[in-house]
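Colleague: take a look and give me a structure for this.
(chains A and B)
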There are 2 protein chains.
Amino acid sequence: MALSIFSDEHFMGEALKQAQIAFEEDEVPVGAVIVAENRIIARAHNQTERLNDVTAHAEMLALTSAANYLGGKYLHECTMYVTLEPCVMCAGAQYWAQLGKLVFAASDEKRGFSMVGKKLLHPRTEVVSGLLKSESEALLKQFFSKLR
Amino acid sequence: MALSIFSDEHFMGEALKQAQIAFEEDEVPVGAVIVAENRIIARAHNQTERLNDVTAHAEMLALTSAANYLGGKYLHECTMYVTLEPCVMCAGAQYWAQLGKLVFAASDEKRGFSMVGKKLLHPRTEVVSGLLKSESEALLKQFFSKLR
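Modeller: A predicted model of the protein is given here:
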């Protein structure tokens, strides 16, 4: 079945492509895209190793990039697709951006924001989880097994 | 009484100078410095308006700058002095950096990380609060009264 170009699955597939880029660069494989009016306005992958910077998570880079594209720092009308549940830092940034919708694939039981509570996000942010979860988990598992 | 150049008060005074720069640039006046072995290795002020980026808090910019200076992204041996209690995003970033010590001036009862719980920070991060609190509060108050 062909996926609609405007489906959540399609956009999460694009986030997975970003995670794959991170994987190939020996970064923890997490990718994100931000969509506004059915168009991808930002793509990013985790670059903490390359940039030597703990703040360079895929979500943070995507938020900066989307704000730059839009010329405004609030993302009320945007959806972020990310392959792993955001951490506390990224959820805090999504709060400030007043992100409209967050769709994430795999859960992060160690450092995911929901460990601390949904109130880290903006009250207006809609949350969907589990989309293409097994694809994201497979990539993360492959990465961490390579490290051992 | 002259302040020791190595005192917490001295370094918080330097963070306040950064907050003053933010104030003069019509940014919410928050400043931060990071100290390693009694030397300031990073100085930053809030630039969310100028950079049009919700992630450009003083603490985030200081973390990136310090990691760049040190050539390593972990700040175990460093102290961050910041004029306002870090938000959830910044506390999450300090967790990843494994910051050695955090000293903040004014509390942020709305968006401070301690609203959610100290467990946002790394368990090894020592926390001191209230230093030069009234100076920081006065600057924030002046800023917000100017907006009205």
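Colleague: buried residues in the longest helix seen in chain A, which are they?
Modeller: What stands out as the longest helix in chain A, according to DSSP state H, is helix A:8-24. By 16 or more other CB atoms under 10 Å in any protein chain shown, the buried positions in helix A:8-24 come out as A:8, A:10-13, A:15-16, A:18-23. For every residue, glycine as well, the C-beta is placed using N, CA and C.
Colleague: from the residues you listed, pick the one nearest A:Tyr95.
Modeller: A:Ala15 (20.2 Å; CB to CB).
Colleague: pick the one among the buried residues of helix A:8-24 closest to chain B.
Modeller: Nearest to chain B among those: A:Ala22, at 16.0 Å, using CB to the nearest CB.
Colleague: tell me the spacing between that closest one and B:His45.
Modeller: 31 Å (CB to CB, to the nearest Å).
Colleague: now do A:Leu120
Modeller: Computed as CB to CB, the A:Leu120 to B:His45 distance reads 25 Å.
Colleague: more neighbours: the two, which one.
Modeller: It is B:His45, of A:Leu120 and B:His45, that has more neighbours when counted by other CB atoms under 10 Å in any protein chain shown, with 27 against 24.
Colleague: contacts only, for that one.
Modeller: B:18-19, B:21-22, B:25, B:27, B:29-32, B:58, B:61 (CB atoms under 8 Å, 6 or more residues apart in numbering or on different chains).
Colleague: let's verify the residue nearest in space to the middle of chain A: helix, strand, or coil?
Modeller: In chain A, the residue lying closest to the centroid (CA atoms, centre = their mean) is A:Val82, at 2.4 Å. The three-state assignment at A:Val82 reads strand, by DSSP: H, G, I helix; E, B strand; the rest coil.
Colleague: quickly list what it is bridged to.
Modeller: When bridges are called by DSSP bridges, A:Val82 pairs up with A:Ala32, A:Phe104.
Colleague: was I right to think it contacts A:Lys101?
Modeller: No. Using CB atoms under 8 Å, A:Val82 is not in contact with A:Lys101; the gap is 11.4 Å.
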